[in-house]
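K.L.:
The sequence and its predicted three-dimensional model are supplied below.
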Amino acid sequence: YGGLKMPEIYSDGMVLQRDIPLIIRGNADAGTEVRLKMEGPFRTIRMKTVTSISGKWIMEAGPLKAARGVTLTVEAGDRKLTYKDVAIGDVWLCSGQSNMAFMLCESSDAGDIPADSDLRVFDMKGRWNTTNEKWSEEAIRSVQKLEYFHPAGWKTCSPEDIMSFSAVGYHFGKMLRDSLDVPVGLICNAVGGSA
């Protein structure tokens, strides 16, 4: 099946949900042993499993408290994936239409945005506009292959990176950060005009 692969949502700087059982999943060759290690300000967590005949695997770690500076390592066969600067906190999905997709740089109150390494965003931007205009053949082929969103990765809140993120999402995340004092991860997959 092409060796060890993790979903795109796994990247350096990601936020994993605190205080609930933590489910981690991926793919590897069928019948391969997969080893997982999480290191942080808590005891080191080590787990292993064997992939199914379809190459899928899943592991569950116990609930974790809010944390920063976690390293997650996954190994299978001769492949090793290491994710650094992982945080454990609260993860929120910012979904909807154009009102959620409306970017911070388009708002009248963008102003000076302070950097915040504990406010992290995963911004799923569409490859194609969802307006009344007819899509090209290239756009249709892309969507048929489930390739609507551009590749994304986790970013910390900095004035440069946050301006193209959802204005509503940013202000919501900032409010959570101010009141909860834990890392906050925001995933935006808003698509204007979607049903």
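P.N.:
Noted; the coordinates are in hand.

K.L.:
Show me the shaky parts of this protein.
P.N.:
Filtered on pLDDT under 70, the chain yields the residue ranges 1, 195.

K.L.:
And the helices in it, which stretches?
P.N.:
98-101, 137-144, 159-162, 167-180 (DSSP state H).

K.L.:
could the ones you listed go into a markdown table alongside distance to Asp78?
P.N.:
In this view, the C-beta of every residue, glycine as well, is placed from N, C-alpha and C. Listed next are the helices of the chain as a markdown table, based on distance: least, C-beta to C-beta, whole Å:
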| stretch | distance to Asp78 |
| --- | --- |
| helix 98-101 | 41 |
| helix 137-144 | 32 |
| helix 159-162 | 34 |
| helix 167-180 | 39 |
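
K.L.:
how long is stretch 113-131 end to end?
P.N.:
30 Å (C-alpha to C-alpha, to the nearest Å).

K.L.:
If we go by neighbour counts, what in that stretch is buried?
P.N.:
113, 116, 118-126, 128 (16 or more other C-beta atoms under 10 Å).

K.L.:
Determine the longest strand present in this structure.
P.N.:
Ranked by number of residues, the top strand in the chain under DSSP state E is strand 79-94.

K.L.:
ok, now how distant is Ser52 from Gly77?
P.N.:
Noted for Ser52: a distance of 15 Å to Gly77, by C-beta to C-beta, to the nearest Å.
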